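A.B. asks: Predicted model follows, preceded by the sequence.
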Amino acid sequence: MNKNILKDSYNKHFNNTGLSDGFYSAPGKVNLIGEHTDYNDGFVLPIAIDKKIYAYLQLRDDNKINLYSIDFDLSFETTTEKLKYNEENNWSNYIIGVVSELKKEGYNPKGFNMVFTGDLPIGAGLSSSAALEVLTTFGLDDLNNFKIDSFKKAVIAQKSENNFVGVNCGIMDQYISVFGEKDKALLIDCESHEHEEVPFKDEDYQFLIIDSKIKRGLIDSKYNKRRKQCNNVVKFFKENVGEEVETLRDVNINELFRYENKLKDLDYKRATHVLTENRRALKFSEHLEQNEYSKAGSLMYASHLSLKDEFEVSTSELDFLVEKAMELKGVLGAKMTGAGFGGCTVNLIKNENKEQIIENLKESYLNEYDMEPDFYLTRPVNGAGKF
């Protein structure tokens, strides 16, 4: 990112206050495996990707907050005392929500001006909202000299989406945007909030993200319904089995199978996906660490089938991209990624076949759906910070 783009836009829309300023960035993410396990205290294995949100922030000597989105060509103004959800400029809520959470945590951020842009697609399931929240948290922490530790930054960013935006997301998206590392996936335990680094250093392989162009909105989707169905199973085990069960992480998979006939069909299917997905995530990380890419790829495909049939969050477009990819030379694994109901697939591929894979899938998808998907080749990158 050329800093001049941000600075020129800033100078066009705001006056230099002469106070502390800085350039910040935060990456999006793609989850390799472990879907809908994060809010069930399970395991996820994301990477930070080379698609980011970039911003220039400067403090003010009053409590005003002035925002400008280069990509939307829209401005928004409020104050640190007037933090209300804005229906008209939804993008602003991901920034204002962070200010709200900082204040709840006892911090008192000063007013600020901010311009931002990015190459991270919106609504594709690559965590553009989390990147914006994390970037804002990093910027305000740095400029106000709060000295918030990295994990708490991720939590503040997550809570801003939970409490202000209204999406009951888990912590994965914000966590990987903070902690992402070059050439490493992170196996995150969403119960302990600890992670293990899983190397991905073989340059003969990389990940191909394919945007189906089917936009999804978590607030308006069936995401929260799926979460409730998972909680129904937890409630059943609490009330009827007499075990110490707080989340699906605490449910033994054999016990789940035993009580199949006692659970609602859909609740059982959702829980089956989550518990088998946890197993796949742990096994996938082992294969990746040992450079067993074919074995890792087969688990990606198994994950997709579970998301399609058990959790029912895929779409015909995502299924098409996965099935077509698995037929191609050089594709070791393919699956939908993210919450579903649209968005992207992620594919583990051999570099030597990337051009043929992209060309074949572009043509097939265009013929089937009369639109071209977008393709992003990526390897793991570092998380948020100054640039």
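C.D. replies: Happy to help now that I have it.
A.B. asks: Tell me, how many residues neighbour the closest residue to residue 320 other than its chain neighbours?
C.D. replies: Among residues not flanking residue 320 along the chain, residue 368 sits closest, at 6.0 Å (CB to CB, 6 or more residues apart in numbering). C-betas here are computed from N, CA, C, even on glycine. Neighbour count of residue 368, defined by other CB atoms under 10 Å: 13.
A.B. asks: Now stretch 4-24: buried residues?
C.D. replies: Buried residues in stretch 4-24, counting neighbours by 16 or more other CB atoms under 10 Å, are found at 6, 9, 10, 14, 21, 23, 24.
A.B. asks: Now do the strands in the stretch 1-150 of the chain.
C.D. replies: Using DSSP state E, counting those that start in this stretch, the strands of the stretch 1-150 of the chain run over 21-31, 43-44, 46-59, 64-69, 74-79, 112-118.
A.B. asks: Tell me which of these sits nearest to residue 182.
C.D. replies: Residue 182 lies closest to strand 46-59 among the strands of the stretch 1-150 of the chain, at 8.7 Å (CB to CB).
A.B. asks: could you check the angle strand 112-118 makes with that closest one?
C.D. replies: With axes from the mean of the first three to the mean of the last three CA atoms, to 10 degrees as the basis, strand 46-59 and strand 112-118 are set at 140 degrees to each other.
A.B. asks: got the buried residues for strand 46-59?
C.D. replies: Neighbour counts over strand 46-59 (16+ other CB under 10 Å) mark 46-59 as buried.
A.B. asks: go on, stretch 177-189?
C.D. replies: Within stretch 177-189, the residues scored as buried using 16+ other CB under 10 Å are 177, 178, 179, 180, 181, 184, 185, 186, 187, 188.
A.B. asks: So which of these belong to helices?
C.D. replies: 177, 178, 179 (DSSP state H).
A.B. asks: How about the helix or strand bottoming out on mean pLDDT in the chain, which residues are buried there?
C.D. replies: Across the helices and strands of the chain, mean pLDDT, DSSP states H and E gives its lowest value to helix 223-240, namely a mean of 93. Using 16+ other CB under 10 Å as the test for burial, helix 223-240 gives 223, 226, 227, 229, 230, 231, 232, 233, 234, 236, 237.
A.B. asks: same thing with stretch 267-276?
C.D. replies: 267, 268, 269, 270, 271, 272, 273, 274, 275, 276.
A.B. asks: as a whole number, average confidence for it?
C.D. replies: Averaged over stretch 267-276, pLDDT sits at 98.
A.B. asks: got it, and stretch 174-187?
C.D. replies: Averaging pLDDT residue by residue across stretch 174-187 gives 97.
A.B. asks: How about stretch 30-49?
C.D. replies: 95.
A.B. asks: pretty sure residue 226 is touching residue 37, no?
C.D. replies: No: applying CB atoms under 8 Å as the test, residue 226 and residue 37 come out as separate, 11.7 Å apart.
A.B. asks: what sits against residue 159?
C.D. replies: Counting by CB atoms under 8 Å, 6 or more residues apart in numbering, residue 159 touches 101, 104.
A.B. asks: who are the neighbours of the helix ranked longest in the chain, in terms of helices and strands?
C.D. replies: The residue-count maximum for a helix in the chain (DSSP H) belongs to helix 265-289. Counting contacts by 3 or more CB pairs under 8 Å, 6 or more residues apart in numbering; DSSP states H and E, helix 265-289 is packed against strand 43-44, strand 184-189, strand 194-199, helix 223-240, helix 253-258, helix 293-309.
A.B. asks: picking that back up, from the chain's centre, how far out is the least confident helix or strand of the chain? Work that out for me.
C.D. replies: 23 Å (CA atoms, centre = their mean, to the nearest Å).
A.B. asks: and for that helix, what are the contacting residues?
C.D. replies: 36, 39-40, 167-168, 243, 245-248, 250-251, 255-256, 259, 262-264, 266-268, 270-271, 274, 311, 313, 339, 341.
A.B. asks: Spell out for me the PyMOL command that would select the buried members of those.
C.D. replies: Buried residues among those (16+ other CB under 10 Å), as a PyMOL selection:
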select buried, resi 36+39+40+167+245+247+248+251+256+259+263+267+268+270+271+274+311+313+339+341
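A.B. asks: that older thread, between the buried residues of stretch 267-276, which sits nearest residue 317?
C.D. replies: Of all those, residue 273 has the smallest distance to residue 317: 20.1 Å, by CB to CB.
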